[in-house]
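Enquirer: okay, structure incoming, though there's no sequence with it:
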């Protein structure tokens, strides 16, 4: 059975029985492993299962161990949990190092370890030097005996060795390797990749039919990408499929890489959970920046980066300045007579540039840019939008709250709605925000009101349908709570509100789990040292405090502080028993 739309890893796994041989388990495991390497996430778990079975059938087999280690690293690659991502990758590389130490002349094992480490981001894992060590060993083996593997693979090793040197920041070593490869006259695909890296290839000519296919695929991908940016999720998926295929064929083409990165980010926008939103966007930024590094004056690459930076939420990614740089560059190209940009696009660029300035609070620059646009085209289709954006917003009084004017009544109702919203009630979140916003307007100096209002703002972001609102509301809510804490730093309820907001935000982007731990620990110490039992239970009931402790434990584990997490076990059990007996 082959891996296709009609069969899933789960179904194939059911075929295993007591009669499965080692060779069959290895063959299946390697088949799924190779699919996983190519990006088929559904194949990764199947590879783990089959290779695990192979190890059971023949414990200590070095190839089975090596492929299993690689599959573990791939499992980490596919995880949306940052902790699991690192843990699995490190588990895989540790196993591979152990196998290589015992079988350092085994070619397959050195190939597997080399490419696992080559794919790991150097910034986080610092393992590229291991890939270089393995590539040099394999190249030396081929040069001693050219029958050990195919010449095409030898060429690929040389190219990837150069890329590994580049990843380590050693451009001189990379270009020395690539000059050596260019002198061997490799196949056209590698010659094209060398040219992308700035290497001259004597006698190189493009295959016109192949370039026509590339251009057609790229245009189709761009068409679906534009539709996806307008909210068409089906088109966004189709764009990603097309551009993934194009990237697989033209791996080192910077234009295709940048478009692929943009499609990857768009898939994150429509993801059902926040982890993918962040991880896809961050991966896309890296891919697009690398593409632009290869050709910084390319108008099309500037368009792609500008559009991508413009659509990312500023509160989380801080890419509006990059968008301004690119929009300004493209505008200057048009004004210098570049025919790649037409009159309609020029006006669109002016509109987006002004919007970027406004996003950063640079109202004067936004107005100046939009005045240029409206001078050129007084009947511009953007004129109404510009007028709306420059008009100062007028706060609207919630109709349902018009009759409630007492601050204490608003706060009481707001807290009740806020707590209801915590139980997955988006309507209650909106009502809590409106109620607490009114209370805050009536008494802006009350820190508890401000803190609850900030938490309600963040809650409405949690239930938002688009990531921009989700991100912006989280940041706005955190600012309000921090402002409240500056006035009441020892208020346990406010500390708890901030702790849970920081606890809910993704650690790789915000790095606020340490703040959540600090706030939870403050509440814990306050609760345990409070002299008046009645007072502390009025502020934080026992059952609520019992729920804080497991969350504190999870926060410690998220930060890799297992000893502190384990130390809470007995306390968690004690408070759980205490709550049950009451």
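Expert: Thanks, I have it. Here the structure is a predicted model, which means the values were calculated and not measured.

Enquirer: what stretches of the stretch 1-150 of the chain score poorly on pLDDT?
Expert: In the prediction, the stretch 1-150 of the chain carries residues with pLDDT under 70 at positions 1-18, 39-42, 78, 80-82.

Enquirer: quick one: the helices in it, in order.
Expert: Taking DSSP state H, counting those that start in this stretch as the criterion, the stretch 1-150 of the chain carries its helices at 9-13, 22-37, 41-57, 62-78, 82-102, 107-119, 122-125, 128-144.

Enquirer: could the ones you listed go into a markdown table alongside distance to residue 406 and mean neighbour count?
Expert: Heads up, the C-betas are built off the backbone N, CA and C, glycines and all. Below are those laid out as a markdown table (distance: least, C-beta to C-beta, whole Å; neighbours: other C-beta atoms under 10 Å):
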| stretch | distance to residue 406 | mean neighbour count |
| --- | --- | --- |
| helix 9-13 | 59 | 16 |
| helix 22-37 | 61 | 20 |
| helix 41-57 | 55 | 21 |
| helix 62-78 | 53 | 24 |
| helix 82-102 | 45 | 18 |
| helix 107-119 | 61 | 21 |
| helix 122-125 | 53 | 13 |
| helix 128-144 | 64 | 18 |
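
Enquirer: a markdown table for the ones you listed, including distance to residue 502?
Expert: Below are these laid out as a markdown table (distance: least, C-beta to C-beta, whole Å):
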| stretch | distance to residue 502 |
| --- | --- |
| helix 9-13 | 37 |
| helix 22-37 | 35 |
| helix 41-57 | 30 |
| helix 62-78 | 25 |
| helix 82-102 | 15 |
| helix 107-119 | 32 |
| helix 122-125 | 22 |
| helix 128-144 | 33 |
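
Enquirer: show me what stretch 458-476 is in contact with.
Expert: Applying C-beta atoms under 8 Å, 6 or more residues apart in numbering, the external contacts of stretch 458-476 come out as 268-269, 274, 277, 313, 315-316, 418, 421-422, 426, 429-430, 432-433, 454, 457, 477-478, 501, 504-505.

Enquirer: just the terminal-to-terminal distance for that stretch.
Expert: 7 Å (C-alpha to C-alpha, to the nearest Å).

Enquirer: repeat that for stretch 226-240.
Expert: 12 Å.

Enquirer: what does that stretch contact?
Expert: Taking C-beta under 8 Å, 6+ apart as the rule, stretch 226-240 contacts 221-222, 224-225, 260, 263-264, 266-267, 269-270, 307, 311.

Enquirer: out of those, which two sit at the greatest distance?
Expert: Checking the contacts of stretch 226-240 against each other with C-beta to C-beta, the farthest-apart pair comes out as 222 and 270, at 18.1 Å.

Enquirer: indicate which one of the helices of the stretch 1-150 of the chain is closest to residue 241.
Expert: Nearest to residue 241, of all those, is helix 41-57, at 13.9 Å by C-beta to C-beta.

Enquirer: next, the angle from that closest one to helix 82-102.
Expert: Between helix 41-57 and helix 82-102, the angle comes out at 40 degrees (axes from the mean of the first three to the mean of the last three C-alpha atoms, to 10 degrees).

Enquirer: helix 41-57 packs against which elements?
Expert: With contacts defined as 3 or more C-beta pairs under 8 Å, 6 or more residues apart in numbering; DSSP states H and E, the packing partners of helix 41-57 are helix 9-13, helix 22-37, helix 62-78.

Enquirer: still on that earlier bit, of the helices of the stretch 1-150 of the chain, which is nearest residue 373?
Expert: helix 122-125 (40.0 Å).

Enquirer: report all helices and strands that the closest one contacts.
Expert: Against helix 122-125 (3+ C-beta pairs under 8 Å, 6+ apart) you get helix 82-102.

Enquirer: let me know the pLDDT of the spatially most central residue of the chain.
Expert: Closest residue to the average C-alpha location of the chain: residue 279 at 0.9 Å, with C-alpha atoms, centre = their mean. Listed pLDDT for residue 279 reads 71.

Enquirer: now it: how far from residue 159?
Expert: Distance, residue 279 to residue 159, using C-beta to C-beta, to the nearest Å: 28 Å.

Enquirer: format the helices and strands packed on helix 41-57 as a markdown table; extra columns: distance to residue 253.
Expert: A markdown table is the format used below for the helices and strands packed on helix 41-57 (distance: least, C-beta to C-beta, whole Å):
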| stretch | distance to residue 253 |
| --- | --- |
| helix 9-13 | 31 |
| helix 22-37 | 20 |
| helix 62-78 | 23 |
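
Enquirer: can you list the low-confidence ranges for the stretch 201-350 of the chain?
Expert: Those would be 203-208, 271-277, 315-316, if you go by pLDDT under 70 across the stretch 201-350 of the chain.

Enquirer: what is the neighbour count of residue 384?
Expert: Neighbour count for residue 384, taken as other C-beta atoms under 10 Å: 9.

Enquirer: tell me who's in contact with residue 443.
Expert: 407, 449.

Enquirer: rerun that using 10 Å as the cut-off
Expert: 407, 408, 410, 411, 449, 450 (C-beta atoms under 10 Å, 6 or more residues apart in numbering).

Enquirer: in PyMOL, how would I select just the buried ones from those residues?
Expert: In PyMOL, a selection of the buried entries from these looks like this (16 or more other C-beta atoms under 10 Å):
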select buried, resi 407+410+411+449+450
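
Enquirer: sitting in helices, which of the contacts of residue 443 do you find?
Expert: Among the contacts of residue 443, the members found in helices (DSSP state H) are 407, 408, 410, 411, 449, 450.

Enquirer: how about the contacts made by the second one?
Expert: Each residue near residue 408 by C-beta under 10 Å, 6+ apart is listed here: 439, 443, 449.

Enquirer: which residue, other than its chain neighbours, is closest to the first one?
Expert: For residue 439, ignoring the flanking residues on the chain, the nearest one in space by C-beta to C-beta, 6 or more residues apart in numbering is residue 410 at 3.8 Å.
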